[in-house]
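# The following comprises the amino acid sequence and a computationally predicted model.
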2 protein chains.
Amino acid sequence: VTISIHPVPGLPEIRSGDDLAGLLAAALARAGLGPEPGDVLVVTHKVISKAEGAVALLVGGEDAAYRRLVEEQSVEILRRRGSLVIAKTRHGFICANAGVDRSNAAPGTAVLLPGDPDRSAHGLRLALRRLTGVDVPVVITDTFGRAWRKGLVDVAIGVSGLEVILDLRGTRDVQGRELKVTEVAIVDEIAAAADLAMGKAAGIPAALVRGLAVPRGEGRVADLVRPAGEDMFR
Amino acid sequence: VTISIHPVPGLPEIRSGDDLAGLLAAALARAGLGPEPGDVLVVTHKVISKAEGAVALLVGGEDAAYRRLVEEQSVEILRRRGSLVIAKTRHGFICANAGVDRSNAAPGTAVLLPGDPDRSAHGLRLALRRLTGVDVPVVITDTFGRAWRKGLVDVAIGVSGLEVILDLRGTRDVQGRELKVTEVAIVDEIAAAADLAMGKAAGIPAALVRGLAVPRGEGRVADLVRPAGEDMFR
């Protein structure tokens, strides 16, 4: 099946309390992307956080205030190098600066991660269903670094309406042998794919993915986080 | 720009010495996907390895022979848990079982990683250019686990014709602030996106990605590997 990924242009700068679902539904309609069954909407967390008011003022020296904020948003600091902090957030995500970000933020502010991104995704999905009549799964993304490889990729930090993992255990390959690769983190692959269409500098914070053959479900990105006891790399 | 991802069906089972470029060009043509400028071809490493003869016979007890092969293909073992080995390969990749894989392999064999996947990608790109008249960048993928997150995602292990990282340093956001997220590992995002269209169980080992707005270049996945001295998580 061919998959297509459509950037959703024309969202205004989002402020606390904005009706993000209404703005997204309008932007989708203007782009001729009235959602169809099977579509998945991918939204960068930044607009979610801004709409939810998960934005902090940097009071006093901005750099020092930013560093304090990163510590505040961390439940554990895994590594430090220079000004870079690799932290575990209260969601269990391990990422640079606990996900606190000053780019694409108003001057003197920093954007935090949403408090409960799976819940945010669920709320947005329900609101979009009311507005459009179509139940479109929602994936919320952020941009994370990785161990061992340079560069950053978008990953899912919240989801509603999909399984997070495509579980192929027991599936056989074309030779009839059971697949070894059994658990594909499809929400992360969807997040990465959508980023290719958005473009960070262009400031397009949403994309509609059409034609995905992935199972609907009620997965949570919270369940993608590997418990510390199972994790071999902390 | 809308991106589309087209699975390339109809490749036969690949054997050592097969003309993979010829088979891919024919499959693309049959699928109506005669490549266009701007397309990127994504191929799972398994067909590359098979065509190059990077396949080992498992002689004697298959499980024991497999475990010996994994050790042979490793230059460093980072972690062991039960029968799972997280190893560094001679390419510098850190992955399960040093990339040695028995699924989608003929009975009694295991497929290895290509010896030099960037070089394999380059050879395939040149051969496809001769056959089709179009210079299509090539990305070779494998499926890797990650630290901290469950599930696996496809990543690039070889490339020709693209930059591996989209370098946004110095780029400004819509508010005029320099982007903090500056180095997007676009080849890994392309690999993940293509996997969504292929489907591991369906055994479709290639996809054509159309509409990507990413810079052409002569990047190498070898340069995505974080040197041990810079890596905080070994």
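Arrived safely, thanks for sending.

# which residue ends up closest to the midpoint of chain A in space?
A:T141 (1.3 Å; Cα atoms, centre = their mean).

# Does anything pack onto the helix or strand hosting it? Which helices or strands?
Assessed by DSSP states H and E, A:T141 sits inside strand A:138-145. Under the contact definition 3 or more Cβ pairs under 8 Å, 6 or more residues apart in numbering or on different chains; DSSP states H and E, strand A:138-145 sits against strand A:40-44, helix A:45-52, strand A:94-96, helix A:117-132, strand A:152-160, helix A:186-198. Placement of C-beta: from N, CA and C, glycine included.

# do you know which of these lies nearest B:E76?
B:E76 sits nearest to strand A:94-96 of all the helices and strands packed on strand A:138-145, at 22.6 Å, using Cβ to Cβ.

# got the buried residues for that closest one?
Buried residues in strand A:94-96, counted by 16 or more other Cβ atoms under 10 Å in any protein chain shown: A:94-96.

# Over to stretch A:51-58?
For stretch A:51-58, the neighbour count (16+ other Cβ under 10 Å) marks A:51-52, A:54-56, A:58 as buried.

# Same question for stretch A:111-125.
By neighbour count on 16+ other Cβ under 10 Å, the buried set for stretch A:111-125 is A:111-114, A:116-118, A:120-125.

# which one of those is nearest chain B?
A:V111 (10.7 Å; Cβ to the nearest Cβ).

# Does the closest one touch A:I48 like I think?
No: A:V111 lies out of contact with A:I48 (Cβ atoms under 8 Å); the separation is 9.6 Å.

# Between these two, which contacts overlap?
Residues touching both A:V111 and A:I48 (Cβ atoms under 8 Å, 6 or more residues apart in numbering or on different chains): A:A54.

# quick one on the thing from earlier: between the helices and strands packed on strand A:138-145, which gets nearest to A:S4?
The closest of these to A:S4 is helix A:186-198. By Cβ to Cβ, the value is 9.1 Å.

# From the chain's centroid, how far away is the following helix or strand past the closest one?
Going down the chain from helix A:186-198, the next helix or strand is strand A:206-210, by DSSP H and E. Mean C-alpha position of strand A:206-210 versus that of the full chain (Cα atoms, centre = their mean, to the nearest Å) differs by 13 Å.

# Strand A:206-210 to helix A:186-198, inter-axis angle?
Put simply, strand A:206-210 runs at 120 degrees to helix A:186-198, going by axes from the mean of the first three to the mean of the last three Cα atoms, to 10 degrees.

# right, and A:V47 touches A:P205 too?
Yes: counting by Cβ under 8 Å, A:V47 does reach A:P205; the two are 4.6 Å apart.

# joint contacts of the two?
By Cβ under 8 Å, 6+ apart, A:V47 and A:P205 have these common neighbours: A:L11.

# ok, A:L24 - contacts?
Contacts for A:L24 (Cβ under 8 Å, 6+ apart) come out as A:8, A:11, A:41, A:43, A:124, A:128, A:206.

# helix/strand/coil for it?
Secondary structure state of A:L24, per DSSP: H, G, I helix; E, B strand; the rest coil, is helix.

# What distance do you get for it to chain B?
To chain B, A:L24 is 18 Å away according to Cβ to the nearest Cβ, to the nearest Å.

# In terms of pLDDT, where does that residue sit?
pLDDT, A:L24: 98.

# How about the contacts made by A:V139?
By Cβ under 8 Å, 6+ apart, the contact list for A:V139 reads A:40-43, A:121, A:156, A:158-159, A:162, A:187, A:190-191, A:194.

# Could you check how far the residue nearest to it when sequence neighbours are not counted is from B:P227?
Excluding its sequence neighbours, the residue lying closest to A:V139 (Cβ to Cβ, 6 or more residues apart in numbering or on different chains) is A:V42, at 4.7 Å. Noted for A:V42: a distance of 33 Å to B:P227, by Cβ to Cβ, to the nearest Å.

# So which of these two has more stuff around it?
With neighbours defined as other Cβ atoms under 10 Å in any protein chain shown, A:V42 and B:P227 compare such that A:V42 has more, 28 against 8.

# where's the more buried one relative to A:G145, distance?
Here the criterion is Cβ to Cβ. By it, A:V42 lies 20 Å from A:G145.

# Paired strands for the worst-scoring helix or strand of chain A on mean pLDDT, with orientation please.
Least confident helix or strand of chain A, by mean pLDDT, DSSP states H and E, is strand A:166-167 with a mean of 86. Here strand A:166-167 is paired, per DSSP bridges, with strand A:183-184 (antiparallel).

# Give me the contact list for the strand it pairs with.
A:165-169, B:143, B:150-153, B:195, B:200.

# so for that strand, what's the average pLDDT?
On average, strand A:183-184 scores 92.

# And for stretch A:93-101?
Taken as a whole, stretch A:93-101 carries a mean pLDDT of 95.

# Indicate whether that stretch makes contact with chain B.
Yes: Stretch A:93-101 lies within reach of chain B by Cβ under 8 Å from any Cβ of the partner chain, at A:93-94, A:101.
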